[in-house]
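# Got a sequence here, can you build the structure:
(one chain, ligands or ions: 1)
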Amino acid sequence: MTLLDDDGVRAALEGLPGWSGDPSAITRTVEAPDFSTGIRIVDDVAAAAEAADHHPDIDIRWTKVTFTLATHSEGGVTQKDVDLAGTITEIADRHGARG
Ligand SMILES: C[C@H](O)[C@H](O)[C@H]1CNC2=NC(N)=NC(=O)C2=N1
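Numbers count the residues shown, from 1 in each chain. This next block holds a predicted model:
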């Protein structure tokens, strides 16, 4: 899996609303309608991560859930991270999260 450079990450972020980052990692904090919904988002993301064999760092703070993605084996952001970020966005949108 090829590492994305600065321009590659910038271009990818244009297609990922709410995400920010640089070639080391990309991140997004979503705000769920309530704590339980946040946990359901995390549960659905966990299933997607297992299916993709690619796993985000996840920080849960009441209704705010932060996802951070990097490909550890490559030392930075790859297409795998961009793809999972898109899936996380779909999941968060489906559960009515903002941010
Ligand atoms: C063997 C397995 O494919 C690797 O350990 C996977 C698992 N999940 C992973 N997740 C993330 N975010 N980065 C990785 O490099 C990674 N590697």
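# Close to the ligand: what parts of the protein are there?
Applying C-beta under 6 Å from any ligand atom, we find that the chain lies next to the ligand at Asp53, His54, His55, Leu69, Ala70, Thr71, His72, Ser73. Yep, even glycine has a C-beta here, placed from its N, CA and C like the rest.
# Now list the buried members of those.
His54, Leu69, Ala70, Thr71 (16 or more other C-beta atoms under 10 Å).
# Mind putting these into JSON lines with secondary structure?
Shown next, in JSON lines, are those (DSSP: H, G, I helix; E, B strand; the rest coil):
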{"residue": "His54", "secondary structure": "coil"}
{"residue": "Leu69", "secondary structure": "strand"}
{"residue": "Ala70", "secondary structure": "coil"}
{"residue": "Thr71", "secondary structure": "strand"}
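# just checking, Asp59 is part of a strand?
Yes: under three-state DSSP, Asp59 falls within a strand.
# tally of neighbours for it?
Asp59 is flanked by 12 other residues according to other C-beta atoms under 10 Å.
# Now do it, the pLDDT please.
Note on Asp59: pLDDT of 98.
# do the same with His55
Note on His55: pLDDT of 98.
# Name the SS class of it, please.
Applying three-state DSSP: His55 is coil.
# about what we covered before: now, which of the buried ones among the residues of the chain next to the ligand sits nearest Gly38?
When those are ranked by distance to Gly38 (C-beta to C-beta), Leu69 comes first, at 17.9 Å.
# The closest one touches Gln79, doesn't it?
No: counting by C-beta atoms under 8 Å, Leu69 does not reach Gln79; the two are 11.2 Å apart.
# Ser73 - nearest residue in space that isn't next to it in sequence?
Distances taken as C-beta to C-beta, 6 or more residues apart in numbering put Met1 closest to Ser73, at 7.8 Å, once the chain neighbours are dropped.
# Apart from its neighbours in sequence, what residue is nearest the most centrally placed residue in the chain?
Central residue of the chain (C-alpha atoms, centre = their mean): Ala85, 3.8 Å from the mean position. Leaving aside its chain neighbours, Ala85 sits nearest to Leu16 (5.1 Å; criterion: C-beta to C-beta, 6+ apart).
# what's the answer for Trp62, then?
Using C-beta to C-beta, 6+ apart, the closest residue to Trp62 is Phe35 (5.8 Å).
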